[in-house]
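J.: The amino acid sequence is not available; the structure is as follows:
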Ligand code: 1GP
């Protein structure tokens, strides 16, 4: 499956999709299996794998396990160039365009590119935009960047548009895993006005209703991580 065209069609046809984020650090086989069972029985379209900070080298293992259990596309959501794997369907090849840290704008990507070339997995050029949260998340801390102010939709719009003009194919707006607040609807509304730019939104979702709120604001794909990790029954609502 060509996942880039899939994302583009979702955006074009104004469809609303759900993705589950699996942080390899937090899963052991039994727990992952029960979550994958829930994914199969609900409307999960994508499984993202990754985290801003991993203390174990289990990305390959986790992806192979997921692929053995479900047919849902698996996309790497890398926190660094160490998180790459030939077993995934694709990787968000991300540049942290909300920040001004050269290592996350281009440095990690240079290290990963030759390895990815050999793996032949689909590359999804993505602009990653960290949005201000009420407190510091691991993503904010590890990226060593200033996030986008949460009350500046025009700044978010300009950032996403610059990403598009640079050739990035989609944007991911995130308050970071485990954030206390969601990406504000005003930011999503503004960024989703950019034509032909699929918008992924995640961070801080605690209630099923919030997923609908983000879809309504203009998110094409909403990502849930922590809430499902804490309670896999969250997926019963979808
Ligand atoms: C983080 O968008 C994801 O990068 C998901 O965040 O874990 O808070 O759901 P949560």
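T.: Nice, thanks for sending it over. What you see is a predicted model; the values in this text were computed from it and never measured. Numbers count the residues shown, from 1 in each chain.
J.: Show me what the residue of the chain found nearest the ligand is bridged to.
T.: Closest contact between the chain and the ligand, by Cβ to the nearest ligand atom, is at residue 202 (2.1 Å). For every residue, glycine as well, the C-beta is placed using N, CA and C. On the basis of DSSP bridges, residue 202 is bridged to residue 174, residue 223.
J.: Identify the residues contacting it.
T.: By Cβ atoms under 8 Å, 6 or more residues apart in numbering, the contact list for residue 202 reads 19, 21, 172, 173, 174, 175, 177, 183, 222, 223, 224, 225.
J.: Who are the packing partners of the helix or strand hosting residue 172?
T.: Assessed by DSSP states H and E, residue 172 sits inside strand 170-174. Counting contacts by 3 or more Cβ pairs under 8 Å, 6 or more residues apart in numbering; DSSP states H and E, strand 170-174 is packed against strand 122-130, helix 153-165, helix 185-191, strand 199-202.
J.: the inter-axis angle of the next helix or strand after the last one versus strand 170-174?
T.: Of the helices and strands lying after strand 199-202 in sequence (DSSP H and E), the nearest is helix 208-217. Inter-element angle recorded for helix 208-217 and strand 170-174: 140 degrees (by axes from the mean of the first three to the mean of the last three Cα atoms, to 10 degrees).
J.: residues in contact with helix 208-217?
T.: Contacts for helix 208-217 (Cβ under 8 Å, 6+ apart): 16, 18, 182-183, 185, 188-189, 192, 201, 205, 222, 224, 234, 237-238.
J.: In PyMOL, how would I select the buried members of those residues?
T.: Buried residues within those, by 16 or more other Cβ atoms under 10 Å, are selected in PyMOL with:
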select buried, resi 16+18+182+183+185+188+189+192+201+205+222+224+234+238
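J.: Residue 164: which of the contacts of helix 208-217 is nearest?
T.: Comparing the contacts of helix 208-217 against residue 164 with Cβ to Cβ picks out residue 192 as the nearest, at 12.3 Å.
J.: In contact with that closest one, which residues?
T.: Applying Cβ under 8 Å, 6+ apart, the residues near residue 192 are 199, 217, 218, 219, 220.
J.: roughly how far apart are it and residue 200?
T.: Here the distance between residue 192 and residue 200 works out to 11 Å (Cβ to Cβ, to the nearest Å).
J.: what's the overlap in contacts for these two?
T.: 219, 220.
J.: just the residues of this structure that are near the ligand, which are they?
T.: Counting by Cβ under 6 Å from any ligand atom, the chain comes close to the ligand at 21, 174, 176-179, 202-205, 223-227.
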